[in-house]
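Enquirer: Sequence first, predicted coordinates after that:
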2 protein chains.
Amino acid sequence: MFDSMKIERRLAKSDFKALEPKLHEDLLDRQAELIAGRARSILVLVNGADGAGKGAVLNQLYGWLDVRKLRTLTYGAPTDEERARPGIWRYWRDMPAAGEIGIVLGSWYHDVLADHVLNGETDALFTQRLDEIRRLEAMLRREGVFLLKLWLYLEPQEALARLKALKRNPFDRPLVREWSAIKSKKQRRHLEESAVEAFRLTSTPEAPWIVVPSEDGRFRDAMVGGALLETLGRAIASQPRAGAEADASAGAAPPRETETDETIASLLPKASILSTVDLTRTLEEEDYRAELETQQTRISRLTQSSAFQRRGLVCVFEGSDAAGKSSTIMRLRQALDPRCFRVHPIAAPTDEERARPYLWRFWRSVPARGHIAVFDRSWYGRVLVERVEKLAQPEDWGRAYDEINDFEHRLDEAGYIVVKFWLAISQEEQARRFEARERVAYKRFKLTPEDWRNREKWPLYEEAVTDMVDRTSTFYAPWTLVSAEDKRWCRVAVLSTIADRLDAALK
Amino acid sequence: MFDSMKIERRLAKSDFKALEPKLHEDLLDRQAELIAGRARSILVLVNGADGAGKGAVLNQLYGWLDVRKLRTLTYGAPTDEERARPGIWRYWRDMPAAGEIGIVLGSWYHDVLADHVLNGETDALFTQRLDEIRRLEAMLRREGVFLLKLWLYLEPQEALARLKALKRNPFDRPLVREWSAIKSKKQRRHLEESAVEAFRLTSTPEAPWIVVPSEDGRFRDAMVGGALLETLGRAIASQPRAGAEADASAGAAPPRETETDETIASLLPKASILSTVDLTRTLEEEDYRAELETQQTRISRLTQSSAFQRRGLVCVFEGSDAAGKSSTIMRLRQALDPRCFRVHPIAAPTDEERARPYLWRFWRSVPARGHIAVFDRSWYGRVLVERVEKLAQPEDWGRAYDEINDFEHRLDEAGYIVVKFWLAISQEEQARRFEARERVAYKRFKLTPEDWRNREKWPLYEEAVTDMVDRTSTFYAPWTLVSAEDKRWCRVAVLSTIADRLDAALK
């Protein structure tokens, strides 16, 4: 889920300086409208790794906003008064009034995450408490409290390095240390996994999570400022209009986009996740032969093990046209018992499929335990082709990320191993392959005029792939982005990934 | 939550005969629209006690609907094929196509309830699975599958009697027996409690639970027919209109109300829960003195116990004007240590309170552990005076039931004992008391012209009280309806109820 965080995101000092005065002004303007409206309030929950700059974000917001209607709400160890009452009481006590903005350090997520990660509270209890939070937040939203839920993200390596550096210079301590109790790498990973699970269960259209790449302070602050501006816009748009009938459930009026929104959007471009794939990797024929056989043997052995009979394997192949999905799948097929193996090529849905929820056709094809299903294109069509070609409404493909995560979570819970590949090639390589297909008679059937047309939408697909990987790469069903520029490299990378996942799961 | 089920609900044969042809015709008409629309489908989940008539409802629906687009989906012990896949797979496999209606016997709720009640699955896991169901249902609804979730309710006594009668006559067995594994009274109660918890966690505006009083077969069938008609109406209203842009998320057009909807509504009147209160109970002065002292002594002893120091007591007093709330609270006060006791009289909210979510003022007043808070009127104002006086929008007071249940659930989880009273008097007695207040100078301040005006809305309040008790009487925070016609009877009944609840909780 943090995959896109690997893309380096920085904001040059000059860009920040160009942006900041306008952002500052717009934030103040919108805050003034919020105050004048006296009908909505905002809670900014600042969560994330220690060292990512929670305190710095707080200070930056104090610099930008009218502090008379701004409050910091911090929660450490509970006081006597708090301990004597239900855990949630202290947050209720501090609820900002209409017109106010509250910045929360150590929100209700902290307690739940800490009890799970540090105190060993069970998964089921963790889920139960997150569900309580979801219900609380839904109610707050309907009562006019808008939530901006931020997770300041640092690569674990970077976080550790920062904390170490701070140890050497104790006067430069972070302002906010929520997670000092976390000592081991294992706990750190568990926190990250738990945070992702919390995002899955508590991201709602009304109160989504926003993950902020925080390595670069300027990028971080600008993104937080932009997100707050957007939340202010939604809150103001939902305010009952003066004179009009009071309508608490409003929100029909779309939030205004100001110039700053656009400026920030342009300064904080959606970097392409595909830029992180190294397309130069190759494999020599001889190495390829040997490696292929090794991996095929591993997969064959693992899928015939008795442990696998209680599990199942679901492989998803997505990628650019002509990236080599079919030929890669063929190499997988060679390793597998045909009685337990089935490939599902996914084209346009049939009438029967169209008459039902879009996941139905995939549920139909869920393999029995001990079996393997390969999807040559998949349910991700919803957020790829259907998004790009506008075959689905934005609200429909927008909700699909969560629905897909739930679907794969069900498979994972039931013991299935879910492996997902994006085969990446460059636009130039794709053109070469298309041309080759035109030349070879028996390959010509694979190429349609549509394939050429799709190439014009390459940037839109890149954006869709980035969002997809970002929002559906989970710990239970991660994406693997594979360079398919060299077919040999690609095939071996795919097969060894499958073998590794099987190995880890069946151990 | 099943409190209103105590009201006898029957439909005379003649009334049913008058209603049925029109209901039949309207159901067929709307089903034809559903079929022609080819965009929405309906799943009717038929759940409830054995013997309540699940099979009979199924047969009745087959009599009313066009069977070519109607399917029964029954789920018993899983088959080999089903066992080899995730538990939810079998429901997906049978998903009705657009235009179809599926009637589900043994829905996904059955598995979850059975695992909890019969196989001892933990509360946390139960909640987790219900949350998965909620997410599944939300997705189905957005994909055009409308759910009608029925719980056919029988008083436990009646259910047992029916099953016993059937044992004597094995040829007249119920058509559907889901719960034959339930043997003990305790299990039966656990099932009922768990069902209520399931309703709390999975009742959403899009897929609400409908509890059907099922003692009388005609009433039951008519109510089911009416509910299906209403669901069909909503499904059709949300269909993308022919010619218009496809819009899956439609639903803006309000469902049409046909004549039958109104006829059914008039034939199935909202019986008043207050009709179940016996207003003739009285207590003689001498017995009253003795009983009052006994109960006050119990309460005093229990609230001073060391066990109570880890708990807390929250009492809610609601009731008609002049029912005697204050004087009853005074008798409670006499039993309690004033340092640990506080009465919160609830009037119109202050400016500060109005600027925040409506539950904030009550969260403020949650007592510390070991303390007692009494609310003279309470958060129920939202669904009583605010509903009747139209101070809140229907969607706002409509969602308040769930929000209040969540609030009280939090208190219960944190160890608080929540006791709620409705003090009931007749309209005649109220008139007498108002007149007495007018005569006595020092009581005159208690009466305002508004009190007289409120009397005109008596039927609206009765409806609001019935809904309130029905939807917020939970196992963790049940309502007690007390006759206040005789003040002595009322005071003793209230105090002994509090003492009993304390006793049970602190044991």
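Expert: Sure thing, it's come through. Numbers count the residues shown, from 1 in each chain, chains lettered A, B, ... in the order given.
Enquirer: For the stretch 201-350 of chain A, which residues score under the pLDDT cut-off?
Expert: A:242-270 (pLDDT under 70).
Enquirer: Oops, could you answer that again for chain A instead?
Expert: If you take pLDDT under 70 as the line, chain A has these spans: A:1, A:167-176, A:242-270.
Enquirer: how does it divide up, domain by domain?
Expert: Per automatic domain parsing, the structural domains of chain A span A:10-238+A:255-268, A:274-506.
Enquirer: I figured residue A:410 hits residue B:88, correct?
Expert: Yes: the criterion here is C-beta atoms under 8 Å, and residue A:410 meets it with residue B:88 at 6.3 Å. The C-beta positions use only the backbone N, C-alpha and C, and glycine is treated the same way.
Enquirer: Serialize the domains of chain A to CSV and add fields for distance to chain B and mean neighbour count.
Expert: Shown next, in CSV, are the domains of chain A (distance: least, C-beta to the nearest C-beta, whole Å; neighbours: other C-beta atoms under 10 Å in any protein chain shown):
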stretch, distance to chain B, mean neighbour count
domain A:10-238+A:255-268, 4, 18
domain A:274-506, 4, 18
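Enquirer: wait, which of those domains is closest to residue B:75?
Expert: With C-beta to C-beta as the measure, domain A:274-506 is the member of those nearest residue B:75 (15.4 Å).
Enquirer: how far does that closest one stretch from start to finish?
Expert: Domain A:274-506 has its terminal residues 31 Å apart, counting by C-alpha to C-alpha, to the nearest Å.
Enquirer: And that domain, how far out from the chain middle?
Expert: 19 Å (C-alpha atoms, centre = their mean, to the nearest Å).
Enquirer: quick one on the thing from earlier: redo the domains of chain A as a markdown table? Include distance to residue B:44.
Expert: Shown next, in a markdown table, are the domains of chain A (distance: least, C-beta to C-beta, whole Å):
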| stretch | distance to residue B:44 |
| --- | --- |
| domain A:10-238+A:255-268 | 26 |
| domain A:274-506 | 17 |
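Enquirer: all strands of chain A, in order?
Expert: A:41-48, A:70-74, A:101-105, A:145-153, A:209-213, A:312-319, A:341-345, A:372-376, A:416-424, A:479-483 (DSSP state E).
Enquirer: do you know which of these lies nearest residue A:498?
Expert: strand A:416-424 (5.5 Å).
Enquirer: top helix in chain A by residue count?
Expert: helix A:13-37 (DSSP state H).
Enquirer: Show me what it is packed against.
Expert: helix A:54-64, helix A:217-237, helix A:259-267 (3 or more C-beta pairs under 8 Å, 6 or more residues apart in numbering or on different chains; DSSP states H and E).
Enquirer: Kindly recompute the last result at 7 Å.
Expert: Applying 3 or more C-beta pairs under 7 Å, 6 or more residues apart in numbering or on different chains; DSSP states H and E, one finds that helix A:13-37 contacts helix A:217-237, helix A:259-267.
Enquirer: Which of these sits closest to residue B:490?
Expert: When the helices and strands packed on helix A:13-37 are compared by C-beta to C-beta, helix A:217-237 sits nearest residue B:490, at 46.9 Å.
Enquirer: Give me the distance from the closest one to the chain's centre.
Expert: 19 Å.
Enquirer: tilt between it and strand A:209-213?
Expert: 160 degrees (axes from the mean of the first three to the mean of the last three C-alpha atoms, to 10 degrees).
Enquirer: hang on, isn't residue A:99 packed against residue A:69?
Expert: Yes: shown here, residue A:99 and residue A:69 form a contact pair, counting by C-beta atoms under 7 Å, at 5.8 Å.
Enquirer: Need the overlap of contacts for these two.
Expert: Common contact partners of residue A:99 and residue A:69 (C-beta atoms under 7 Å, 6 or more residues apart in numbering or on different chains): residue A:35.
Enquirer: Kindly state which of the domains of chain A is positioned closest to residue B:396.
Expert: Between residue B:396 and the domains of chain A, the shortest gap by C-beta to C-beta is with domain A:10-238+A:255-268, which sits at 7.4 Å.
Enquirer: what about the closest one, distance to the chain center?
Expert: Worked out by C-alpha atoms, centre = their mean, domain A:10-238+A:255-268 lies 17 Å from the chain centre.
Enquirer: bridging residues for residue A:421?
Expert: residue A:317, residue A:480 (DSSP bridges).
Enquirer: pretty sure it contacts residue A:494?
Expert: Yes: between residue A:421 and residue A:494 there is a contact under C-beta under 7 Å: 5.7 Å.
Enquirer: what's the overlap in contacts for these two?
Expert: Counting by C-beta under 7 Å, 6+ apart, the residues touching both residue A:421 and residue A:494 are residue A:482.
Enquirer: need the helices and strands packed on helix A:13-37 in TSV with distance to residue A:459, can you?
Expert: As requested, the helices and strands packed on helix A:13-37 are exported to TSV (distance: least, C-beta to C-beta, whole Å):
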stretch	distance to residue A:459
helix A:217-237	21
helix A:259-267	14
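Enquirer: Relative to residue B:197, which of the ones you listed is closest?
Expert: It's helix A:217-237; of these, that one is closest to residue B:197 (C-beta to C-beta) at 33.5 Å.
Enquirer: which other helices and strands contact the closest one?
Expert: helix A:13-37, strand A:41-48, helix A:54-64, strand A:145-153, strand A:209-213, helix A:259-267.
Enquirer: wait, which of the domains of chain A is closest to residue B:84?
Expert: It's domain A:274-506; of the domains of chain A, that one is closest to residue B:84 (C-beta to C-beta) at 3.7 Å.
Enquirer: Helices of the stretch 51-200 of chain A, start to end?
Expert: A:54-64, A:80-83, A:89-93, A:108-117, A:123-142, A:156-168, A:185-202 (DSSP state H, counting those that start in this stretch).
Enquirer: now those in TSV, with distance to residue B:325?
Expert: Listed next are these as TSV, based on distance: least, C-beta to C-beta, whole Å:
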stretch	distance to residue B:325
helix A:54-64	47
helix A:80-83	29
helix A:89-93	26
helix A:108-117	35
helix A:123-142	28
helix A:156-168	57
helix A:185-202	40
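Enquirer: Figure out which of the ones you listed is closest to residue A:18.
Expert: Here helix A:54-64 is closest among the helices of the stretch 51-200 of chain A (C-beta to C-beta), at 15.8 Å.
Enquirer: what does the closest one contact?
Expert: In contact with helix A:54-64 (C-beta under 7 Å, 6+ apart) are residues A:24, A:27, A:46, A:48, A:70, A:72, A:103, A:105, A:152, A:174-176, A:217, A:220-221, A:224-225.
Enquirer: and residue A:318, what does it touch?
Expert: Applying C-beta under 7 Å, 6+ apart, we find residue A:318 in contact with A:377-378, A:380, A:384, A:421-422.
Enquirer: Looking at the helices and strands packed on helix A:13-37, which is nearest to residue A:16?
Expert: helix A:217-237 (4.3 Å).
Enquirer: okay, that closest one in PDB with CA atoms only?
Expert: Only the C-alpha atoms of helix A:217-237 are listed here, as PDB (Å, rounded to 0.1, in the frame of the first residue of the first chain):
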ATOM      1  CA  GLY A 217       9.700  18.400   4.400                       C
ATOM      2  CA  ARG A 218       8.600  20.900   1.800                       C
ATOM      3  CA  PHE A 219       6.800  18.200  -0.200                       C
ATOM      4  CA  ARG A 220       5.200  17.000   3.000                       C
ATOM      5  CA  ASP A 221       4.000  20.400   4.100                       C
ATOM      6  CA  ALA A 222       2.700  21.400   0.700                       C
ATOM      7  CA  MET A 223       0.800  18.200   0.400                       C
ATOM      8  CA  VAL A 224      -0.700  18.600   3.900                       C
ATOM      9  CA  GLY A 225      -1.700  22.200   3.100                       C
ATOM     10  CA  GLY A 226      -3.300  21.100  -0.200                       C
ATOM     11  CA  ALA A 227      -5.200  18.300   1.600                       C
ATOM     12  CA  LEU A 228      -6.500  20.700   4.300                       C
ATOM     13  CA  LEU A 229      -7.500  23.200   1.600                       C
ATOM     14  CA  GLU A 230      -9.500  20.500  -0.100                       C
ATOM     15  CA  THR A 231     -11.100  19.400   3.200                       C
ATOM     16  CA  LEU A 232     -12.000  23.000   4.000                       C
ATOM     17  CA  GLY A 233     -13.600  23.200   0.500                       C
ATOM     18  CA  ARG A 234     -15.800  20.200   1.200                       C
ATOM     19  CA  ALA A 235     -16.800  21.400   4.600                       C
ATOM     20  CA  ILE A 236     -17.700  24.800   3.300                       C
ATOM     21  CA  ALA A 237     -19.600  23.400   0.300                       C
END
